[in-house]
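Colleague: Predicted model follows, preceded by the sequence.
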Amino acid sequence: MYGEPALPPDFVSLPYANPDAPKGGRFVTGNNGGFDSLNPFIRTGSVPWQLRFFAAESLMGRSQGEPFALYGLLAESIETGPNREWVEFTLRPEAKFWDGTPVTVDDVIWSYETLGTVGHPRYLGFWGKVDKIEQTGERTVRLTFNVDDRELALIAGLRPILKKAQWEGKDINDSTLEDIPMTTSPYMITDFEANRFVTLTRNKDYWGKDLPFRRGTHNFDEIQIEFFGDGAVLFEAFKAGEISYMREFNAEAWATKYDFPRVQNGDVIKAEIPHQKPSGITGLVMNTRRAPLDDIRVRDALIHAFNFEFINDTITGGRQPRISSYFSNSILAMGDGPAEGKVAEYLAPYADILPDGALEGYALPVSDGTARNRANIRKATDLFADAGYTIQDGEMTGPDGTTLTLNVLLRQGDTETATVVDIYAEALKRLGIALNVEVVDGSQYTSRTNSFDFDLSYYRRAVSLSPGNEQNLYWGSEAADQEGARNWMGVKSPAIDGLIAEMLNAPDQDSFVAATKALDRTLTAGRYVIPFWNFAVGRIAHVKEITYPETLPIYGDGVDWMPHSWWYKGE
């Protein structure tokens, strides 16, 4: 994106991969819930989330060792126009699908056009910025863009490439569970049983096994995804040795629950993985498409009523810091106090429409840590009164005389968030607000969130040190009304849209950082999410038979590191 990639043209392997890692062994991971599709590229169905990452490839691959850097994967070379108004990829002649047939320019064009028009909503935004896609040589394809956006040349390299011939005469969105997409990835889906397991087998004839970008990665012969009813059952399966690892997101559980016999005798190893990535946002998202959550005063009141310090102490033992903004824990995070310098310059054109605190400075409310949270409850009452609400006969009543009732939608098996919501419901009860909890299975949860059928729901959006066009998908106005989009809060803000555009077209790194800080201020001050705690370090308990290199990527633990850079070492 800026400057030169860190690795030279003749690099041997990615710095966080072991080029001498042995191949072999089995890696078993666990999911909650079930699945009714194995096609992660379409709009319908509940799909094992890993398949987007384990069973697909793109023209370029992302390095987890540096932000904003991609390297050739299916493409052997990349060229761009002087202003990145177009990008041209030349395919590697050795690139092949699982069935051994070569990847053609026709496959690439079909994949972009199909996913960009009828595929999952995550692909639609990029396609709208493509003026044309055309074959320019036997193995070359060029995309020309219709907007100024420096990142589009990189995003173009990250679309999954599918086999056109597999879908001739078929509508890809009508695919059944048996219609497994043909790709070029190192792992092939070789077996499954609905809602029970999916087996991926390493393709020993994988076309890219000698690429420096792939050397030392994808080392397990088999990856098994097992499905369990809820998190408690999954943890018991791990304790019994049925799955290979557990990612633990609760510091209290990490300190107290991982003392079972297999840890004590060394069969299970506890590893803490540091990282430099931003916090992202995790918490309860408020759907502003629905009144009264469209009123920032009501959202502010609900944030004040959320007694984070007490909840955090109850659930994590107070061991995990709170997320303070969407990019907290990184150089992209908004600063304390009033906006200054370039950040203030980026915010200035939107001064009249910015939420309170974006320019002046905003910080989440802090309680005294007791269960009563008196000061913040009083503030919440005042905010509700300002929005026209009064407490009548013990119930929070709106200007139209109706009592305030809110619904929280949760996925079955999410016991930790259910505990958070139970505590929160007691606080809201003191304000005369009923908080109803709906727990649904994975399929219903996907359907309900895709159609934005909730008041509040658990929300997690990870962000990187190289944020880009995905920000439009997360909180851009166009995504607010797009079914299946990731703008769950439904925010439509010219300021947010404009700041994302400034970030995408920043001429240098300093301008990019300032624009992102300005965006962070606007999102955080908009009070769209009630934030939980930050996952400041990755915590992985794993069986002793698997291991990873000493050199870690700057992003720490993630789906592109585990299991891709791990290997089986046996006893």
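Modeller: Everything's here; your move.
Colleague: All the strands of the stretch 201-350 of the chain, residue numbers only.
Modeller: 222-228, 245-247, 268-273, 281-286 (DSSP state E, counting those that start in this stretch).
Colleague: oh, I was asking about the stretch 351-500 of the chain
Modeller: Listed in chain order, the strands found in the stretch 351-500 of the chain under DSSP E, counting those that start in this stretch are 390-392, 395-397, 405-411, 434-440, 456-461.
Colleague: Give me the contact list for the fourth one.
Modeller: When you say that, I think you mean strand 434-440. 403-412, 418, 421-422, 424-425, 428-429, 448, 454 (Cβ atoms under 8 Å, 6 or more residues apart in numbering). All C-beta atoms are positioned from the backbone trio N, CA, C, and that covers glycine.
Colleague: buried residues in stretch 413-424?
Modeller: Within stretch 413-424, the residues that count as buried by 16 or more other Cβ atoms under 10 Å are 413-414, 416-418, 420-421, 424.
Colleague: Over that stretch, what's the mean pLDDT, rounded is fine.
Modeller: Average pLDDT, stretch 413-424: 94.
Colleague: what's the answer for stretch 490-497, then?
Modeller: pLDDT averaged over stretch 490-497 gives 98.
Colleague: That one spans what distance, first to last residue?
Modeller: Terminal residues of stretch 490-497 lie 13 Å apart, using Cα to Cα, to the nearest Å.
Colleague: Now that stretch: buried residues?
Modeller: 490-493, 495-497.
Colleague: In a strand, residue 198, correct?
Modeller: Yes: per DSSP: H, G, I helix; E, B strand; the rest coil, residue 198 lies within a strand segment.
Colleague: That one pairs with what?
Modeller: Each beta-bridge partner of residue 198 is listed here, defined by DSSP bridges: residue 192, residue 225.
Colleague: Quickly list the domain ranges of this protein.
Modeller: Split into domains by automatic domain parsing, the chain comes to 1-55+185-275+537-571, 56-174, 281-398+461-531.
Colleague: Going through the contacts of strand 434-440, which ones are buried?
Modeller: Looks like those have 403-404, 406-412, 418, 421, 424-425, 428, 448, 454 buried, using 16+ other Cβ under 10 Å.
Colleague: Which pair in those residues has the greatest spatial separation?
Modeller: Between any two of the buried ones among the contacts of strand 434-440, the greatest separation by Cβ to Cβ is 28.3 Å, found for 403 and 412.
Colleague: Got phi/psi on the residue of the chain positioned farthest from its centre?
Modeller: Distance from the centre of the chain peaks at residue 393, with 43.1 Å (Cα atoms, centre = their mean). When read as degrees, to the nearest 10, the backbone of residue 393 gives phi 50, psi 40.
Colleague: Quick one: neighbours of residue 558, just the number.
Modeller: 17 (other Cβ atoms under 10 Å).
Colleague: Surely it is within a helix?
Modeller: No: judged by three-state DSSP, residue 558 forms no part of a helix; its state is coil.
Colleague: ok, it touching residue 64?
Modeller: Yes: the pair residue 558 / residue 64 is scored as a contact, 6.6 Å apart, by Cβ atoms under 8 Å.
Colleague: Tell me which two in the buried residues of stretch 490-497 are the farthest apart.
Modeller: Within these, two members stand farthest from each other by Cβ to Cβ: 490 and 495, at 15.5 Å.
Colleague: As a check, name the ranges of all helices in the stretch 1-150 of the chain.
Modeller: Here the stretch 1-150 of the chain has its helices, by DSSP state H, counting those that start in this stretch, at 51-54, 105-118, 124-127.
Colleague: now the ones you listed in TSV, with distance to residue 349 and mean neighbour count?
Modeller: As requested, those are exported to TSV (distance: least, Cβ to Cβ, whole Å; neighbours: other Cβ atoms under 10 Å):
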stretch	distance to residue 349	mean neighbour count
helix 51-54	37	19
helix 105-118	31	19
helix 124-127	23	20
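Colleague: And these, which one averages the lowest pLDDT?
Modeller: Note on those: lowest mean pLDDT is at helix 124-127, with a mean of 89.
Colleague: I would like the residues contacting it, please.
Modeller: Residues from elsewhere that reach helix 124-127 (Cβ under 8 Å, 6+ apart): 112-113, 115-117, 152, 155-156, 159, 469, 472-473, 476, 478-479, 482.
Colleague: Pick the one among those residues closest to residue 251.
Modeller: residue 473 (30.4 Å).
Colleague: how far away is residue 430 from residue 466?
Modeller: In this view, residue 430 and residue 466 are 43 Å apart by Cβ to Cβ, to the nearest Å.
Colleague: again with residue 102
Modeller: 32 Å.
Colleague: from memory residue 284 sits against residue 459, does it?
Modeller: Yes: counting by Cβ under 8 Å, residue 459 is a contact partner of residue 284 at 6.8 Å.
Colleague: Give the residues shared as contacts by the two.
Modeller: With Cβ under 8 Å, 6+ apart, residue 284 and residue 459 have common neighbours residue 529.
Colleague: What is the burial count for the spatially closest residue to residue 422 that is not a sequence neighbour?
Modeller: Distances taken as Cβ to Cβ, 6 or more residues apart in numbering put residue 437 closest to residue 422, at 7.7 Å, once the chain neighbours are dropped. Neighbours of residue 437 under the rule other Cβ under 10 Å: 15.
Colleague: which residues touch residue 393?
Modeller: Counting by Cβ under 8 Å, 6+ apart, residue 393 touches no other residue.
Colleague: Tell me which of the helices of the stretch 1-150 of the chain sits nearest to residue 551.
Modeller: Of these, nearest to residue 551 by Cβ to Cβ is helix 51-54, at 21.0 Å.
Colleague: how near is residue 299 to residue 254?
Modeller: Distance of residue 299 to residue 254, given as Cβ to Cβ: 32 Å.
Colleague: go on, residue 217?
Modeller: 27 Å.
Colleague: just for the stretch 351-500 of the chain, where's the confidence low?
Modeller: Within the stretch 351-500 of the chain, not a single segment meets pLDDT under 70.
Colleague: Helices along that one, start to end?
Modeller: Using DSSP H, counting those that start in this stretch, helices in the stretch 351-500 of the chain cover 374-386, 415-430, 442-450, 470-475, 477-480, 494-504.
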